[in-house]
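Q: Sequence and computational prediction follow.
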Amino acid sequence: MYLYRFQVDLADGAIPVIIAARDDEHAFQLVEDELEKHFLKMPTGIDIILHEKKRLGQGTGFVLEGEAVFS
Amino acid sequence: MAYVKHWAQEEKLNETEKQKLEMDGLEILKLIPRYAKEGFASIPKEHWSYFKWAGLYLQKPKEDGYFMMRVNVPSGVLRHEQVIALANIARDYGRGIFDITTRQAVQFHWLQIEDIPDIYDRLERVGLSSVGACGDITRTIMGNPLAGIDPHELLDTQSIVQDVYQFFQSNEDFSNLPRKYKMSISSNIHNAAHAEINCVAFTPAVKEIDGKETVGFHLKVGGGLSSRPYLAQQLDVFVLPERVKEVAIAVTTLFRDYGYRAKRTRARLKFLVADWGVDTFKEKLVELTGPLPSRGEDKLENWNAGYFYGVHPQKQPGLSYVGLNVPVGRLQAEEVLELARISKEYGNGEIRTCNSQNLIIPNVPDEKVETMLQETLFDRIRVEPPHFIGYSVSCTGIEYCNLALVETKERMRVIAEYLDEEVSVDVPVRLHMVGCPNSCGQRQIADIGLQGIKMKSREQKGLVDAFEIYVGGTLQDGGHFNEKLKGKIEAGYLAPVLREFLLHFKEAKQPQENFHHFYHRVGKDSLQQVLDGILADVLPSAAS
């Protein structure tokens, strides 16, 4: 398993998304699932960008900085 | 073991530290013969990470049981029989792949546990070792690849490097450091060993002592790249050549005993140096070494980025060294054997590896140089390479690395060769490609750094490899890490985007102005505007 750090680019900003998954393909699918849960109406024209992955274990994490976050 | 692991009693130790207290990393060396007999399946998963201390990493997917091995090459100096032994290992066990790393080491892939004892025997017979090439330990010591033959060194550092390397090699007093630990020792005035990105670096200096100008070293501590890069800072000390080992041991002791073990992400020496500051670090250092003279005159003049292309006179009259380009650091075993033959026939059999992933044939009598250069090997391994393939660096990438997101090595080679056909510029531009935010390809110090990402767009089917661009990295004048430009480029468009970007550089630069000066003259915002325009033109649907 890996812990993935994504950035989702929307028309008006970017959202960091963190996902645990077994492989890259699965991780992208899970990001979409999370976005669908998050947004009342799914935004169009988004880009999902994988920046980094780490082996998942106790204490694995990411510091998120420097990205604009929109709710 | 002659010291007390006082940290063993600490409450907040990370999981790796707890594991290291149960079994020291070097203990894996005793288990390897048994695992080799019983096969990969006999290795418990909890022992996989210990293989790092033996210089071995599992390739991806780990379950398949193939290893990457890194062999230490202190200061990059390889004797003839060592070159032959390494080439034969690559040929017999490593599917012919022979990589030169950004720390002057040699790296193999596709090794199996059954092969390791024989590989170890072969290495030992020629005085080489992979022990400590990975793991929480003193890694191979980076140095001046021209040590001993360099007209631009203050003194020959070969014996110093060997002495320090041999002291730490398999030394159980220093086999449990908080994290990886990287050292460089060089007396080359062009900063050939990248002092600022090592945990500890000895750099050339002179000082008047007892009325006599004395050659020695200045000391930098706390540098390192990874995902949180820091530049090493200089301490106010002058180190005599005969005290280098003592000072190296003292710095390593400070790291071992005071380095942070609660969080692995804050364990490198750079965090301790950042917290203590260089004055406190010096105070702690001299508690171990006794008084050290204060700083003298720094003799670092500039930074050559580890490049030595062409034919150059050695400090020994009548002899030359020849700097060669190895495209993105990858050779085939047959090429290395051919290189060994050539270096023996025309030189003394030595080759030297460079942290630019290249190599040098030293000790060629001047009258033999022209004949040597007619060898067909040099059609690919060029003496005067074009500016892009000649100055391209790449990490291993997704081909073997568990953490890489994209393919890098072959992609970098193809793009660099394309750029050489498309863009003719009067200075080299250093391109570094990496497949993740870690720094095996030293992206942060590149003129133009290319960092791999994976992307999924609603306009596209499936996942695509893409890259972000960073500009303006250097180790000149103490160093400056490159900075990210906005925008992401699908891998398929990277070559034409770089072409346009570099054509702009060519048109806007002053004669002989290098990218670093250009970047500082025009500024990041200006380059961002240029990139934005290129993305709008070249990426019609994906301009961001």
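A: Right, received. Where do you want to start?

Q: only C-alpha atoms for contact and neighbour calcs from this point on.
A: OK.

Q: How about B:Arg103: what's its closest non-neighbour residue?
A: Once flanking residues are discounted, B:Arg103 sits nearest to B:Asn355: 5.0 Å by C-alpha to C-alpha, 6 or more residues apart in numbering or on different chains.

Q: Just say helix, strand or coil for the one you found.
A: For B:Asn355, the assignment made with DSSP: H, G, I helix; E, B strand; the rest coil gives coil.

Q: my read: it touches B:Val106, true?
A: No: counting by C-alpha atoms under 8 Å, B:Val106 is not a contact partner of B:Asn355; they are 10.7 Å apart.

Q: need the next SSE after the host helix or strand of B:Leu331, C-terminal direction.
A: Applying DSSP states H and E as the criterion places B:Leu331 in strand B:330-332. Counting by DSSP H and E, the element after strand B:330-332 in chain order, helix or strand, is helix B:333-346.

Q: Could you list the residues in contact with that next one?
A: Here helix B:333-346 makes contact (C-alpha atoms under 8 Å, 6 or more residues apart in numbering or on different chains) with B:80, B:83-84, B:87-88, B:90-91, B:96-98, B:349-351, B:361-362, B:364-365, B:368-369, B:372, B:377.

Q: end-to-end on stretch B:166-180?
A: End-to-end distance of stretch B:166-180: 17 Å, with C-alpha to C-alpha, to the nearest Å as the criterion.

Q: Could you give me the buried positions within it?
A: B:Phe168, B:Gln169, B:Ser170, B:Glu172, B:Phe174, B:Ser175, B:Asn176, B:Leu177, B:Pro178, B:Arg179, B:Lys180 (16 or more other C-alpha atoms under 10 Å in any protein chain shown).

Q: the helices in chain A, which residues?
A: Here chain A has its helices, by DSSP state H, at A:24-38.

Q: and it, which residues reach chain B?
A: A:25, A:28, A:44-55, A:58 (C-alpha under 8 Å from any C-alpha of the partner chain).

Q: Buried only: go through those for me.
A: By 16+ other C-alpha under 10 Å, the residues of chain A next to chain B give A:Phe28, A:Ile46, A:Asp47, A:Ile48, A:Ile49, A:Leu50, A:His51, A:Glu52, A:Lys53, A:Lys54, A:Arg55 as buried.

Q: would you turn those into JSON lines with pLDDT?
A: Putting these into JSON lines (pLDDT from 0 to 100) gives the following:
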{"residue": "A:Phe28", "pLDDT": "93"}
{"residue": "A:Ile46", "pLDDT": "84"}
{"residue": "A:Asp47", "pLDDT": "86"}
{"residue": "A:Ile48", "pLDDT": "91"}
{"residue": "A:Ile49", "pLDDT": "92"}
{"residue": "A:Leu50", "pLDDT": "95"}
{"residue": "A:His51", "pLDDT": "93"}
{"residue": "A:Glu52", "pLDDT": "93"}
{"residue": "A:Lys53", "pLDDT": "93"}
{"residue": "A:Lys54", "pLDDT": "91"}
{"residue": "A:Arg55", "pLDDT": "89"}
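
Q: which stretches of chain A have low pLDDT?
A: Applying pLDDT under 70 to chain A flags the ranges A:65-71.

Q: most remote residue from it's center?
A: Distance from the C-alpha centroid of chain A, by C-alpha atoms, centre = their mean, peaks at A:Gln58 (19.7 Å).

Q: how near is that one to A:Leu30?
A: 21 Å.

Q: beta partners of the spatially most central residue of chain A?
A: Against the mean C-alpha coordinate of chain A, by C-alpha atoms, centre = their mean, the closest residue is A:Val17 at 2.6 Å. Taking DSSP bridges as the rule, A:Val17 bridges to A:Phe6.
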